[in-house]
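Student: pasting the sequence and the predicted model now:
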Amino acid sequence: MPAIYDHRHVVRPDEIDEHGHANNVRYVAWMQSAAIAHSSAQGWTPERYRGLGCGWVARSHSIEYLAPAFAGDELVIRTWVADFRKTTSLRRYRMIRASDGAVLARAETNWAFVDIARAAPRRILPEVGEAFEIVASEPEEHPG
């Protein structure tokens, strides 16, 4: 059960914008994919959440772009849970180019736990919180 999860992704040609590098909105998609993969690795798949009538929605994203990603780059999207509160959780990310360890972006998402039927916040289930180790301090940045 990894506290810090490394999700790998190779930048596809269709993710490149008119400036010749990965479009900024792709980073949000990579963040979501990494979060889902980490949650699934901890036993909390999208299907399991749906079966309980709950799930996560993004309240806000923050991304600091440091260097561009190009088609064919293998990325490590490193993610971890920085905190759990009553109905929200802060998840952080580092997008790292595997070939040289360059940090391409630092990011975070504030996720809200919701009751799907009511479309309203709900208290995070204790068993969800127990499935993740909180990593409050910044981990070392290396390609893993």
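Tutor: On my side now, so go ahead.
Student: mind listing the helices for this structure?
Tutor: Secondary structure of the chain (DSSP state H): helices at 24-41, 46-51, 126-130.
Student: and those as CSV, adding mean pLDDT, mean neighbour count and distance to residue 106?
Tutor: Every C-beta, even on glycine, is put in place using the N, C-alpha and C of the backbone. Output for these, formatted as CSV (pLDDT from 0 to 100; neighbours: other C-beta atoms under 10 Å; distance: least, C-beta to C-beta, whole Å):
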stretch, mean pLDDT, mean neighbour count, distance to residue 106
helix 24-41, 98, 18, 10
helix 46-51, 98, 12, 26
helix 126-130, 96, 13, 25
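Student: okay if I get these as TSV plus distance to residue 137?
Tutor: Output for the helices of the chain, formatted as TSV (distance: least, C-beta to C-beta, whole Å):
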stretch	distance to residue 137
helix 24-41	18
helix 46-51	28
helix 126-130	19
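Student: shaky segments in the protein?
Tutor: In the predicted model, the chain carries pLDDT under 70 at residues 1, 140-144.
Student: what about the strands in it?
Tutor: If DSSP state E is used as the criterion, the strands of the chain fall at 4-10, 54-65, 74-84, 88-97, 103-115, 120-121.
Student: distance to residue 22 and mean neighbour count added to these, as a markdown table?
Tutor: Output for the strands of the chain, formatted as a markdown table (distance: least, C-beta to C-beta, whole Å; neighbours: other C-beta atoms under 10 Å):
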| stretch | distance to residue 22 | mean neighbour count |
| --- | --- | --- |
| strand 4-10 | 10 | 17 |
| strand 54-65 | 10 | 15 |
| strand 74-84 | 9 | 21 |
| strand 88-97 | 9 | 22 |
| strand 103-115 | 8 | 19 |
| strand 120-121 | 33 | 12 |
